[in-house]
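Novice: Test case, fold it:
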Amino acid sequence: MVLLGALLFVALNAWMALRSVKWLEKSQGWVDHTWQVIAQVERLVSSAKDAETGSRGYLLTGQERFLGPYVAARRELPAELAGFMALTADNASQQVRAARMREVMEHRLALLEQGNLLRSTGGNLDAARAITLMDTGKAEMDRLRGIADAMEHEERRLLVDRTRESTTAARRVRYTLALASVLDLLLIVFMFRYFVRERDLRLTAELTAERLALSRVEVERKAAEIQELNEGLERRVQQRTAELEVTNRELEETNRELEAFSYSVSHDLRAPLRTIDGFSLALEEDYGAAVGAEGKDYIDRVRAGVQRMGGLIDALLQLSRITRAEIERETIDVTALADSVARQMESQNAGQKIEFLIEKGLSADADAKLLRVALENLFGNAVKFSSKMPESKVEFGWDRSQKAFYVRDNGAGFDMHYKDKLFNAFNRLHGDKDFKGSGIGLATVARVVRRHHGHIWAESVVNAGATFWFTLG
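Specialist: Alright, predicted model coming up:
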């Protein structure tokens, strides 16, 4: 009878635990389903953006390679929308939103297809762009995003409720399993006491006492070893601390020497350069007729060399300051910062036709001053090396596949064989006759990125532009 009662007791505990686990599985299944619906909404919005971007790129450039994302999105959108409707078949409000999204999406894709057809058949380009780029296009995309936001908001609300249910189910499982374990343990103890005799208990107690005595001796021995190890560790810490103090003093002395060198470069070396430049200008103005055209050419070369030397000194000073500057991280509106640098580039290159494409809503945790220096150099290089194109095009944004910011231009590019030399000071891949520069800009950018514990790399094709990616740690 005792054994039968124990078996019934264990079976009851197992049934309660199994029931709780099934409830947990069901609740977790709904949570996973909600995440799947949210992911499907994000895929819908992404495909719609791909279609819009690909069509716009084709209309603006006429290059069929831009139609790739558009064609892929047009092929995938119906299946993705059908998948969403299948996933939300149990939700009437989501079905209504899906129908509205289908209506808006079909209308917008029809307009895009009409614009692309006009462009591909050599029709009226202005009409094609008007069809796709007019304000109603933006309104339709905004409406599409609004529907998607409403879909996601509904699923987020359901996710909160279902997560709460899942949490409750998990808690119930834990409580049930804990209770069952405690009851089973009590049953085991009861059965053990029922079958084990007093003599066996005494033998067990004696063996336990013997083991405890041995354990105590072992613990005391280990404690002595630990004490000895702690004393040795303290000695090593003191030794390392003394070595670090010496190293810190040496670093402070090195920094003082660097500051003294910077002061010397900033003042002592500039004075001779100003003297050479001033007397060269006086020689040109006062004795220009006497030295002739060839002499004036020599004077111009001297002054150009002096001014280039001054620019190199300024670049070296900036590189030195970036190396020593304290990093003050804060949340930065990267889009606003990039817009400011772009306006600066446009004012400095007023005679050059430049188009900046800067992604909205970018932010980062970084030092604002150092990040501005990096963007000034990257944007400046992009404008400089695309100056020989009819129109310079500079893009800046966040590359989700690379998980990094990028700057892309349509300029001269470079040979990837020399990519390892890009970020070294004074290494230039283009001659000074083609593009003026100090050879310090990319080294400065790399220094800023390293100060943020980030990484920078580039890809390019000669005469087909270049792309620079960087992270900020």
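Novice: Show me what Arg408 is bridged to.
Specialist: Partner residues in beta bridges with Arg408: Glu395, Thr467, with DSSP bridges as the criterion.
Novice: List the contacts of it.
Specialist: When the contact criterion is CB atoms under 8 Å, 6 or more residues apart in numbering, the partners of Arg408 are Ala382, Val394, Glu395, Phe396, Gly465, Ala466, Thr467, Phe468. Yep, even glycine has a C-beta here, placed from its N, CA and C like the rest.
Novice: how close does the first one sit to Gly57?
Specialist: To tie it back to what came earlier, the one meant is Ala382. Ala382 sits at a distance of 19 Å from Gly57 (criterion: CB to CB, to the nearest Å).
Novice: Look at those two and report which has more neighbours.
Specialist: Residue environment comparison for Ala382 versus Gly57 gives the larger neighbour count to Ala382, 27 against 17, counting by other CB atoms under 10 Å.
Novice: residues contacting the closest residue to the more buried one other than its chain neighbours?
Specialist: Distances taken as CB to CB, 6 or more residues apart in numbering put Asp409 closest to Ala382, at 3.7 Å, once the chain neighbours are dropped. Contacts for Asp409 were tallied using CB under 8 Å, 6+ apart; they are Asn381, Ala382, Val383, Phe385, Ser386, Ser392, Lys393, Val394, Glu395, Gly465, Ala466.
Novice: same thing with Leu159?
Specialist: When contacts are counted by CB under 8 Å, 6+ apart, Leu159 touches Val31, Thr34, Trp35, Ile38.
Novice: List buried members of those by neighbour count.
Specialist: Neighbour-count burial within those applies to Val31, Thr34, Ile38; the criterion is 16 or more other CB atoms under 10 Å.
Novice: quick one: which of these is nearest Ala342?
Specialist: Checking these against Ala342 with CB to CB, the nearest one is Ile38 at 34.9 Å.
Novice: Apart from its chain neighbours, what residue comes closest to the closest one?
Specialist: Distances taken as CB to CB, 6+ apart put Glu155 closest to Ile38, at 5.0 Å, once the chain neighbours are dropped.
Novice: wait, isn't that neighbour in contact with Gln36?
Specialist: No. In this structure, Glu155 sits apart from Gln36 without contact. The criterion is CB atoms under 8 Å, and the distance is 9.5 Å.
Novice: Report whether Val104 is found in a helix, as I expect.
Specialist: Yes. Applying DSSP: H, G, I helix; E, B strand; the rest coil, one finds Val104 inside a helix.
Novice: Name all residues that make contact with it.
Specialist: If you count contacts by CB under 8 Å, 6+ apart, Val104 has them with Glu140, Arg143, Leu144, Ile147.
Novice: which one of the residues you listed has the most neighbours?
Specialist: For these, counting by other CB under 10 Å, the largest number of neighbours falls to Ile147: 23 neighbours.
Novice: quick one: contacts for Ala366?
Specialist: Ala366 sits next to Arg329, Glu330, Ile332, His452, Leu472 when contact means CB under 8 Å, 6+ apart.
Novice: before we move on, which element is Glu250 in?
Specialist: Using DSSP states H and E, Glu250 falls within helix 198-263.
Novice: Tell me where the model's unsure across the stretch 201-350 of the chain.
Specialist: Under the criterion of pLDDT under 70, the regions of the stretch 201-350 of the chain flagged as low confidence span 251-252, 254-271, 273, 288, 304-325.
Novice: Please enumerate the helices of the stretch 51-200 of the chain.
Specialist: Here the stretch 51-200 of the chain has its helices, by DSSP state H, counting those that start in this stretch, at 67-87, 92-120, 125-133, 135-195, 198-263.
Novice: Distance to Ile276 added to those helices, as a markdown table?
Specialist: Compiled in a markdown table, the helices of the stretch 51-200 of the chain are given as follows (distance: least, CB to CB, whole Å):
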| stretch | distance to Ile276 |
| --- | --- |
| helix 67-87 | 57 |
| helix 92-120 | 58 |
| helix 125-133 | 55 |
| helix 135-195 | 58 |
| helix 198-263 | 21 |
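Novice: Of those helices, which is nearest Glu346?
Specialist: Each of these was checked against Glu346 via CB to CB, and the shortest separation belongs to helix 125-133, namely 22.6 Å.
Novice: Which neighbouring elements make contact with the host helix or strand of Val21?
Specialist: Under DSSP H and E, the secondary-structure element containing Val21 is helix 2-61. Applying 3 or more CB pairs under 8 Å, 6 or more residues apart in numbering; DSSP states H and E, one finds that helix 2-61 contacts helix 67-87, helix 92-120, helix 125-133, helix 135-195.
Novice: still on that earlier bit, show me which of the contacts of Asp409 is closest to Ala169.
Specialist: Distance from Ala169 was checked for each of the contacts of Asp409 by CB to CB. The minimum falls on Glu395, at 48.7 Å.
Novice: Just the pLDDT at that closest one, thanks.
Specialist: According to the prediction, Glu395 has pLDDT 95.
Novice: who touches it in this structure?
Specialist: Residues touching Glu395, when contacts are defined by CB under 8 Å, 6+ apart, comprise Phe356, Leu357, Ile358, Tyr406, Val407, Arg408, Asp409.
Novice: do you know how far it is from Asp339?
Specialist: When CB to CB is the yardstick, Glu395 and Asp339 sit 13 Å from each other.
Novice: what sits in contact with each of those two?
Specialist: Counting by CB under 8 Å, 6+ apart, the residues touching both Glu395 and Asp339 are Phe356, Ile358.
Novice: ok, the buried ones among the contacts of Leu159 vs Arg174, which is closest?
Specialist: Arg174 has its nearest neighbour among those in Val31, at 17.2 Å by CB to CB.
Novice: wait, doesn't that closest one sit right on Arg162?
Specialist: Yes. Using CB under 8 Å, Val31 makes contact with Arg162 at a distance of 4.9 Å.
Novice: Quick check: buried residues in stretch 102-117?
Specialist: Arg102, Val104, Met105, Arg108, Leu109, Leu111, Leu112, Glu113, Gly115, Asn116.
Novice: nope, stretch 391-399 is what I was after
Specialist: Burial within stretch 391-399, assessed by neighbour count using 16+ other CB under 10 Å, is assigned to Ser392, Lys393, Val394, Glu395, Phe396, Gly397, Trp398.
Novice: In TSV, list the residues you listed along with distance to Met16.
Specialist: Putting the buried residues of stretch 391-399 into TSV (distance: CB to CB, whole Å) gives the following:
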residue	distance to Met16
Ser392	72
Lys393	68
Val394	66
Glu395	61
Phe396	60
Gly397	56
Trp398	51
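Novice: quick one: low-confidence parts of the stretch 1-150 of the chain?
Specialist: Under the criterion pLDDT under 70, the flagged ranges of the stretch 1-150 of the chain are 1-3, 5-6, 9-10, 122-138.
Novice: let's see 50
Specialist: By pLDDT under 50, the weakly predicted segments of the stretch 1-150 of the chain are 127-128, 131, 134.
Novice: again, but for the stretch 351-473 of the chain
Specialist: Along the stretch 351-473 of the chain, segments meeting pLDDT under 50 span 431.
Novice: can you give me the helices in it?
Specialist: For the stretch 351-473 of the chain, the helices identified by DSSP H, counting those that start in this stretch occupy 368-385, 441-451, in order along the chain.
Novice: Let me know which of the ones you listed is the nearest to Arg202.
Specialist: Of all these, the one in closest proximity to Arg202, counting by CB to CB, is helix 441-451 (71.5 Å).
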